[in-house]
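# build me a model from this:
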Amino acid sequence: MGILYGGKVNRFVLGLNAHVSISDAVYSQVGRALQNVAGLLLPLLFLIIALVVYQTKCKNALYHIFYGALWLSFSCSLLAWVIIPFMDLFATPPMGDDITNFLMNTSLHPLAVSLAALLLIAGLALLAFKRGLLCKIAEIFRALFQAEFRKGKLVFLIKVIIGVALVFIVGLVGFRILAPEPVLETSFVMTVGLDTEDVKLPFEAKQSKPYSMDLTLDGQGILTDIQIYNEEGTRVYQTLAESFTHNGYGSLKLEKGQYEMVLTFLQEPQDMEAHFRIMGYDFTRDEIEALKKIYDPDTRATGYPIKFSATIK
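Take a look at the predicted model:
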């Protein structure tokens, strides 16, 4: 998705820590929303195709169990799209999450997103039922339980299920404990006026290592300069845009210490060139003239709307 909007792939990793790092993409509002649901749409399409070609006449039990596990795992993953939007009504949702970003980028009501996810789960269940998958799975396990009960092994089977469940729970808790805590996590909506000062977001890097940084800026008719400074005042990151999204795994290398992210709002075209010289931007005359066209004098009177979210971990 990022490539379609002029971005470049910096890193592509498959496996347990699968991720894609994309930078320099300039998304439209629709593009940002599509990027947020891209990780959902491809597995959904794959599952629908798999269910359509599913054959109940196959005599291999593992074939049906595989299909059942595939359907169940994806349906369970959709529960996040039910829970997080609902949680957004009462508390702050997890920053940097695709679902949170989707809510911000589309401005849809959270209950509408939760309802859509519930309908999708119900639709997948109906499709699995119509294709005979659920009945086949029930038939397999009913025969298995009856056979184990006759052999006196039902208690053993129940112990195995409980053991697997406990291992899963311990693994999930361990992952939550060992997962890196964000050093900076914020999200806000504001209106920028002539008296608006720079937004300063201090944070601390507790280790010297590469950090993952996810940034989303949605502005209209105004340029925003985003910088990160270390405690000596040295600039370690800088970018300028009206709107953009940056998803970079390990893209920000920080030494242990105190840092500050600063958002500077360039509200007047005539002040832009002086700011560029001070900050070290090396734009050509044609590029500067193109940037001046971003400014909207009608929006200036009422204030510039800005949406911003940042997660560094």
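
# buried residues, the helix or strand where residue 72 lies. List them.
In the assignment (DSSP states H and E), residue 72 maps to helix 61-77. Neighbour-count burial for helix 61-77 flags 64, 67, 68, 70, 71, 74, 75 (criterion: 16 or more other C-beta atoms under 10 Å). From N, CA and C alone the C-beta is placed, and that goes for glycine too.

# now for it, which elements pack on it?
helix 29-52, helix 110-130, helix 133-150 (3 or more C-beta pairs under 8 Å, 6 or more residues apart in numbering; DSSP states H and E).

# if I look at the residue nearest the centre of the chain, how far off is residue 297?
The centroid of the chain falls nearest to residue 98 when counting by C-alpha atoms, centre = their mean (2.4 Å). Noted for residue 98: a distance of 35 Å to residue 297, by C-beta to C-beta, to the nearest Å.

# now do residue 233
Remark: distance between residue 233 and residue 297 (C-beta to C-beta) = 35 Å.

# residue 60 now?
Here residue 60 is placed at a distance of 69 Å from residue 297 (C-beta to C-beta).

# returning to that earlier point: as CSV, the buried residues of helix 61-77 with distance to residue 90 would be great.
Below are the buried residues of helix 61-77 laid out as CSV (distance: C-beta to C-beta, whole Å):
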residue, distance to residue 90
64, 40
67, 37
68, 34
70, 33
71, 31
74, 27
75, 25
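
# nearest to residue 34, of those?
residue 74 (19.2 Å; C-beta to C-beta).

# quick one, helices of the protein?
When assigned using DSSP state H, the helices of the chain occupy the ranges 29-52, 61-77, 79-87, 98-106, 110-130, 133-150, 154-178, 272-279, 285-292, 297-302.

# before we move on, back to that, residue contacts, the residue nearest to the centre of the chain?
Shown in contact with residue 98 (C-beta atoms under 8 Å, 6 or more residues apart in numbering): 36, 37, 39, 40.

# out of these, which are buried?
For the contacts of residue 98, a burial check counting by 16+ other C-beta under 10 Å picks out 36, 37, 40.

# turn those residues into CSV, columns for pLDDT and distance to residue 105.
Shown next, in CSV, are the buried ones among the contacts of residue 98 (pLDDT from 0 to 100; distance: C-beta to C-beta, whole Å):
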residue, pLDDT, distance to residue 105
36, 77, 6
37, 81, 10
40, 81, 14
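
# list the contacts of stretch 33-44.
Against stretch 33-44 from outside (C-beta under 8 Å, 6+ apart): 1-2, 27, 74, 77-78, 81, 98-99, 101-102, 105-106, 120, 245.

# if I pick the spatially closest residue to residue 266 that is not a sequence neighbour, what's in contact with it?
Nearest in space to residue 266, with sequence neighbours left out and distances taken as C-beta to C-beta, 6 or more residues apart in numbering, is residue 223 at 4.3 Å. By C-beta under 8 Å, 6+ apart, the residues touching residue 223 are 240, 241, 242, 265, 266, 272, 291, 294, 295.

# what would the residues you listed look like in CSV with neighbour count, pLDDT and distance to residue 215?
Below are these laid out as CSV (neighbours: other C-beta atoms under 10 Å; pLDDT from 0 to 100; distance: C-beta to C-beta, whole Å):
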residue, neighbour count, pLDDT, distance to residue 215
240, 19, 85, 12
241, 18, 84, 10
242, 19, 83, 14
265, 19, 88, 16
266, 19, 85, 17
272, 20, 80, 21
291, 20, 80, 19
294, 17, 78, 18
295, 18, 77, 22
